[in-house]
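In: below is the structure, and that's it, no one-letter string:
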DNA sequence: TTGTTTGTACAGTAAAAACTGTACAAAGAA
DNA sequence: TTCTTTGTACAGTTTTTACTGTACAAACAA
């Protein structure tokens, strides 16, 4: 077997593994392949390069590179004299993990917090109302307790995301060669 | 407005919020609605109950309750004299989060680790080969470094999942009323 | 044994998502 | 200004996923 061929095979294995697992990031295998291709390219790529490499339409390349950028897995690059947009993978995977975690969860936490706050307030008001049946009152007691549990849980999740963003997590689980006590 | 109606509205808001966010768990809004419905039911539910509540086919209920069970969001319950299978939501959301995190990532980490190990070994063998060009050798040096970075990253991710499973994370980010120093 | 009940496999259908090609706006070149 | 080039909006198509209804095996009842 030719040496370059052997290298490509070894690379392909990695690219395909990324493609098959990137659903954890909410992305399609195609986007994963795109990421993998950029990962092994030592120069930033244009959309036309990607179309060439992956045999897919430029429109697809455009939309999925945007998805990759939104999750901060990929960033724009600049190169003198090149008019086309250039993209490259972000080098720091630990930071990418933190960014992913934050982007994915923050919004959800916030939406839940808002809904819980509103419903909890409504339930408490209703509970104070004099004209409600004992049955309903019993139900409300249970539900209020449930929503207070939810509220505490999402408040915890929010602090968890903080711990990732502020890199406290790297003290608990240090990357190889990570300096202790930041 | 009737009291029970007001309660239902407050519950619906929560259920719909769960439904709209459960894609983070890789589940469909329907499964989220199912989860939410079970959450507010104070008794375990049968598949027929869910069909009734959600107006969907029993087959759907069966498949999505299985998906919920696989992620350990829901568990089987037992009740004397009831022949049908009963399901209820798992009470401990903190543990559910840990389980989710573990289930989602472990498999992916392992697949990546295997692929990286194999490709890294192939590349190193190739690098030792006498008959390869200087160009290829230079490429290999770069790729080997990249794969070593990947290897370290997934080893870190694996330790991160350990820290969740072993509840070390609860020392770093304590839930409300969580006893310190486990 | 035979008759019921219950959960799910499987095939078909409906709905959603991914992908393509065209067409065009924005930005640079001349 | 006009002529190119480049990225993306949008409409249409293909592919995938979600959902339904039927049919049946397993478990229990009589």
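Out: Here it is on my side, so go on. All values reported here derive from a predicted model rather than from experimental measurement.
In: list the contacts of stretch A:16-32.
Out: By C-beta atoms under 8 Å, 6 or more residues apart in numbering or on different chains, the surrounding residues in contact with stretch A:16-32 are A:15, A:33, A:35-36, A:39, A:54, A:56, A:60, A:64, A:67-68, A:71, A:73, A:100, A:104, B:23, B:26, B:104-105, B:108, B:111-112, B:115. To be clear about C-beta, it is placed using only N, CA and C from the backbone, and glycine gets the same treatment.
In: just the buried ones from the residues you listed, in PyMOL syntax?
Out: Typed into PyMOL, the next command selects the buried ones out of the contacts of stretch A:16-32 (criterion: 16 or more other C-beta atoms under 10 Å in any protein chain shown):
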select buried, (chain A and resi 15+33+35+36+39+54+60+64+67+68+71+73+100+104) or (chain B and resi 26+104+105+108+112+115)
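In: so of the contacts of stretch A:16-32, which ones are in strands?
Out: When DSSP state E defines the strands, the subset of the contacts of stretch A:16-32 inside them is empty.
In: now, which of the contacts of stretch A:16-32 lie within helices?
Out: Within the contacts of stretch A:16-32, membership in helices is found for A:15, A:33, A:35-36, A:39, A:54, A:60, A:64, A:67-68, A:100, A:104, B:104-105, B:108, B:111-112, B:115, as judged by DSSP state H.
In: any stretches of chain A with poor pLDDT?
Out: When residues are selected by pLDDT under 70, those of chain A lie in A:1, A:179-182.
In: which parts of chain A sit against DNA strand D?
Out: When proximity is defined by C-beta under 7 Å from any atom of the strand, chain A lies next to DNA strand D at A:46, A:47, A:48, A:58, A:59, A:62, A:65, A:66, A:83, A:84, A:85.
In: run the last query once more with 10 Å
Out: Taking C-beta under 10 Å from any atom of the strand as the test, the list of chain A residues beside DNA strand D reads A:23, A:28-29, A:46-51, A:57-66, A:69, A:76, A:82-87.
In: what helix or strand is residue A:30 located in?
Out: Secondary structure from DSSP states H and E places residue A:30 in helix A:29-40.
In: ugh, typo on my part, it should be residue A:20
Out: Here residue A:20 is covered by helix A:3-21, with elements defined by DSSP H and E.
In: circling back to that earlier point, buried members of the residues of chain A next to DNA strand D into ChimeraX, please.
Out: The following ChimeraX selection, which keeps only the buried ones among the residues of chain A next to DNA strand D, applies the criterion 16+ other C-beta under 10 Å:
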select /A:46,47,49,50,51,60,61,64,65,86,87
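In: okay, now the domains of chain A?
Out: When chain A is parsed with automatic domain parsing, its domains come out as A:3-90, A:94-172.
In: can you lay out those domains as CSV showing distance to residue B:166?
Out: Formatted as CSV, the entries for the domains of chain A read as follows, by distance: least, C-beta to C-beta, whole Å:
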stretch, distance to residue B:166
domain A:3-90, 22
domain A:94-172, 11
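In: do you know which of these lies nearest DNA strand C?
Out: With C-beta to the nearest atom of the strand as the criterion, DNA strand C lies closest to domain A:3-90 of the domains of chain A, at 3.4 Å.
In: quick one: is the closest one near DNA strand C?
Out: Yes: residues of domain A:3-90 are located near DNA strand C by C-beta under 10 Å from any atom of the strand, namely A:19, A:23, A:26-34, A:51, A:54-64, A:67, A:81, A:83.
In: what residue in chain A comes nearest to DNA strand D?
Out: Shortest chain A-to-DNA strand D distance, computed as C-beta to the nearest atom of the strand: residue-wise this is residue A:85, at 3.2 Å.
In: name the element residue A:149 belongs to?
Out: Here residue A:149, judged by DSSP H and E, is contained in helix A:134-165.
In: packing partners of the helix or strand following that helix?
Out: Toward the C-terminal end, the helix or strand that comes next after helix A:134-165 (DSSP H and E) is helix A:169-172. The contact analysis (3 or more C-beta pairs under 8 Å, 6 or more residues apart in numbering or on different chains; DSSP states H and E) places helix A:169-172 against helix B:169-172.
In: which parts of the helix it packs on are buried?
Out: Under the neighbour-count criterion of 16+ other C-beta under 10 Å, helix B:169-172 has B:169, B:170 buried.
In: kindly report the same for stretch A:15-23.
Out: Along stretch A:15-23, the positions that meet the burial threshold by neighbour count (16+ other C-beta under 10 Å) are A:15, A:17, A:18, A:19, A:21, A:22.
In: tell me who's in contact with residue A:115.
Out: If you count contacts by C-beta under 8 Å, 6+ apart, residue A:115 has them with B:13, B:14, B:16, B:17.
In: what's the nearest residue to it if we skip its chain neighbours?
Out: Setting aside the residues directly before and after it, residue A:115 is nearest to residue B:17 in space (C-beta to C-beta, 6 or more residues apart in numbering or on different chains), at 4.1 Å.
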